[in-house]
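Asker: When you get a sec, could you give me coordinates for this:
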Amino acid sequence: MQVLIVESNPDLGGLWQRHLQRMGAEVELALDQSAAIHALRMREFDVLVLDLVLEDGAALAIADFASYRHPDARVIFVTNTSFFSDGSIFNVSSNACAFVQSGTPPEDLAAMVEHYGVTRSPRPCGSP
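Answerer: Residues are numbered from 1 along each chain as shown. Coordinates of the predicted model:
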């Protein structure tokens, strides 16, 4: 399973990365939009773990590019804010599969990544 983590906080991103690697996933960590777009151009990912509020860049632009470049890739959005807490992220991003708080235990996030990466279907979660 190929996973891209896009998280501005390298400590938090690294924590998630280590948990996913212990599960056997190949994981790339991008700290900003530029690095994430570059990664999406260079290889295919099954799942993206994408912080909704990045210090440098726009998470929705990354999700949109991922849906164009890798239409089957699924996105798990994480955030420490109340943006989209009403579930509207699923209307905005067709490849959104989950929306969780940044403080979600890493093992729970890893289980979600494994679930969405393994049960991948021809269409992303939000597609009709």
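
Asker: contacts, neighbours, all on C-alpha from now
Answerer: OK.

Asker: Mind listing the residues bridging to the residue nearest in space to the middle of the chain?
Answerer: Among the residues of the chain, the one closest to the centroid is residue 49, at 2.0 Å (C-alpha atoms, centre = their mean). Going by DSSP bridges, residue 49 is paired in beta bridges with residue 5, residue 76.

Asker: Next up, the contacts around it.
Answerer: The contact partners of residue 49, taken as C-alpha atoms under 8 Å, 6 or more residues apart in numbering, are 3-6, 75-78, 113.

Asker: What segments of the protein are helices?
Answerer: Shown for the chain, the helices assigned by DSSP state H span residues 10-22, 33-42, 59-69, 89-92, 106-118.

Asker: Could you check the last one and say which residues are buried?
Answerer: For helix 106-118, a neighbour-count test (16 or more other C-alpha atoms under 10 Å) marks 106, 109-110, 112-114, 116-117 as buried.

Asker: ok, so of those residues, who is nearest residue 34?
Answerer: The closest of those to residue 34 turns out to be residue 113 (C-alpha to C-alpha; 22.7 Å).

Asker: re earlier: turn the helices of the chain into a markdown table, including mean pLDDT and distance to residue 53.
Answerer: Putting those into a markdown table (pLDDT from 0 to 100; distance: least, C-alpha to C-alpha, whole Å) gives the following:
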| stretch | mean pLDDT | distance to residue 53 |
| --- | --- | --- |
| helix 10-22 | 95 | 13 |
| helix 33-42 | 97 | 11 |
| helix 59-69 | 93 | 7 |
| helix 89-92 | 68 | 13 |
| helix 106-118 | 89 | 17 |
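
Asker: got these as a markdown table, with distance to residue 98 columns?
Answerer: Below are the helices of the chain laid out as a markdown table (distance: least, C-alpha to C-alpha, whole Å):
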| stretch | distance to residue 98 |
| --- | --- |
| helix 10-22 | 16 |
| helix 33-42 | 19 |
| helix 59-69 | 13 |
| helix 89-92 | 8 |
| helix 106-118 | 8 |
